[in-house]
Structures are given as C-alpha cells and as structure tokens.
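Chemist: Dropping a prediction and its sequence here:
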Amino acid sequence: MHPEATLYFVHDPMCSWCYAFRPVWSHIQQHLPAGVRVQYVLGGLAPDNDEPMPAETRAFIQGQWHKIIERVPGTLFNFEFWEKCQPRRSTYPACRAVLLARQHGREAEIAMIHAIQDAYYRQARNPSDDSTLCELAQQIGLDATAFAHALNAEATRQALLEDIHFARSIGGDSFPSLFLQRNGAIQPIPHHYTDASEVLRSIEAGLAG
C-alpha cells in the first residue's frame, strides 16, 4: 500500500494530445498500484479569446491531428470541424466547464472531459463556445441553468487560475503530464501514447524509490 501517493494528471480538455492519450490513461487508472490516488489538474492551454483563430494556428493544429493519427493508431478526428465551426484559440471556457463538473464528483468530471473531447474531435462542435458547453453540461446530467450562471463567474475563473498555478508549480507546463507525489516529493512520470504498461512500470519504480 502507498497511502500517501498521489498521481497528478495535468491536462486540458481541448488538448489533442490529451485526447490521444485517453485510452492509455484509462488503462493506467484501472491498473494502478493499491493506494495511489489520482488527481486531475487543469493546465489551461489557451486563455479566453473571442478572435477567430489565425490561419497559421489552424494549419498547425490540423497538422498535429494528422501527426497524432500516424503516431497513435485508432485516434479519430472529424476534420469537418474546420469548415463547420469558427475556431478560436480559447480553451479556458472548457477548462472551467470541467471544474464545475468536478464539484459533482469524479465521475462527472471525467464525463465532462470526455463530452468535450467527443464534441470537438468527433462531432465537429466547438467547446470554445459557451453554448456548446451548456449543451454538454445538460447531456451529462448537470443543471444547465446553474451551470450557465457559474461558467464565467469570478469564483470559477479564480478556481481555474489556482489549478493552473498548481500545475506550473509541479512542472506541468505541457499536456498531458504525469507527476507522482510521495513522501512530500514530486517526480515526473514519463507518459507513452500507446503503451500503458511502460507508464505503470515508471509509477512502480517511483513508488519503490
């Protein structure tokens, strides 16, 4: 047993590499050593922004999607997003949506992360838009009216900044990132997009160190 071990998962729900990591991350969580607690931490990829995404940024992100398809076989992307939606470089709203879901427990938090990823990458919907996030909140069973009121509230914005600050304080400035905290010390855990066993071995080594 490792009662004081915490595995921090630093992520952003609109990070395409976090989405690609989803199957392996799910397997890791199902096979963690006893006593290791998982804590999700929002890294905050891109602040609030109402401006349309510049062409070079659009090209870069689409390039990342193609790179992921090659590197992580089976990852699905709906490229209709780039024609159907008005992309903005803005992930903080989606991060705040995850924070609000977190208030209802771990299952709701994960459900919101997955709903945002599915909407963005598979359904060509835009999670930078509050309207999309409110629809997803209702979809996972949250009170849509209360959610809409809280999404841009100052307390929610501040809570996100606290998550981001904590992520940076432990070294989480790229996403996804894993960190193991044990006996007051924090160490990075290398992640692998197609091999959960390799990550689990690194966690075991960290616990034994």
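Modeler: Yep, it's here. Numbers count the residues shown, from 1 in each chain.

Chemist: Now do the SS call for T6.
Modeler: strand (DSSP: H, G, I helix; E, B strand; the rest coil).

Chemist: isn't it right up against L180?
Modeler: Yes: taking CB atoms under 8 Å as the contact criterion, T6 and L180 are neighbours in contact, 7.4 Å apart. Every C-beta, even on glycine, is put in place using the N, C-alpha and C of the backbone.

Chemist: neighbour-wise, which of these two wins?
Modeler: L180 (21 against 14; other CB atoms under 10 Å).

Chemist: so what sits against both of T6 and L180?
Modeler: Common neighbours of T6 and L180, using CB atoms under 8 Å, 6 or more residues apart in numbering, are V36.

Chemist: where exactly do the strands run in this protein?
Modeler: Counting by DSSP state E, the segments of the chain that form strands are 5-11, 36-42, 177-182, 185-189.

Chemist: Buried residues, the second one. List them.
Modeler: For strand 36-42, a neighbour-count test (16 or more other CB atoms under 10 Å) marks 36, 40-42 as buried.

Chemist: now swap in the last one and tell me
Modeler: Using 16+ other CB under 10 Å as the test for burial, strand 185-189 gives I189.

Chemist: what helices or strands is it leaning on?
Modeler: Secondary-structure packing of strand 185-189 (3 or more CB pairs under 8 Å, 6 or more residues apart in numbering; DSSP states H and E): strand 177-182, helix 196-208.

Chemist: hey, which of the ones you listed is tucked in deepest?
Modeler: Relative to the other members of the helices and strands packed on strand 185-189, strand 177-182 carries the highest mean neighbour count by mean count of other CB atoms under 10 Å, namely a mean of 20.

Chemist: Pull the residues that contact it.
Modeler: Residues outside strand 177-182 that contact it (CB under 8 Å, 6+ apart): 2, 4-11, 36, 43, 167, 170-172, 186-191, 199, 203, 206-207.

Chemist: rerun at 7 Å
Modeler: Residues from elsewhere that reach strand 177-182, judged by CB atoms under 7 Å, 6 or more residues apart in numbering: 2, 4-10, 170-172, 186-189, 191, 203, 206-207.

Chemist: repeat for stretch 200-208
Modeler: 2, 5, 7, 28, 31-33, 180, 182, 187, 189-190.

Chemist: how about the residues you listed in JSON lines, adding distance to R125 and pLDDT?
Modeler: Supplementary listing: the contacts of stretch 200-208 in JSON lines, determined by distance: CB to CB, whole Å; pLDDT from 0 to 100:
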{"residue": "H2", "distance to R125": "40", "pLDDT": "49"}
{"residue": "A5", "distance to R125": "37", "pLDDT": "96"}
{"residue": "L7", "distance to R125": "31", "pLDDT": "98"}
{"residue": "I28", "distance to R125": "28", "pLDDT": "98"}
{"residue": "H31", "distance to R125": "32", "pLDDT": "98"}
{"residue": "L32", "distance to R125": "32", "pLDDT": "97"}
{"residue": "P33", "distance to R125": "38", "pLDDT": "94"}
{"residue": "L180", "distance to R125": "35", "pLDDT": "98"}
{"residue": "R182", "distance to R125": "40", "pLDDT": "94"}
{"residue": "Q187", "distance to R125": "38", "pLDDT": "97"}
{"residue": "I189", "distance to R125": "32", "pLDDT": "98"}
{"residue": "P190", "distance to R125": "33", "pLDDT": "97"}
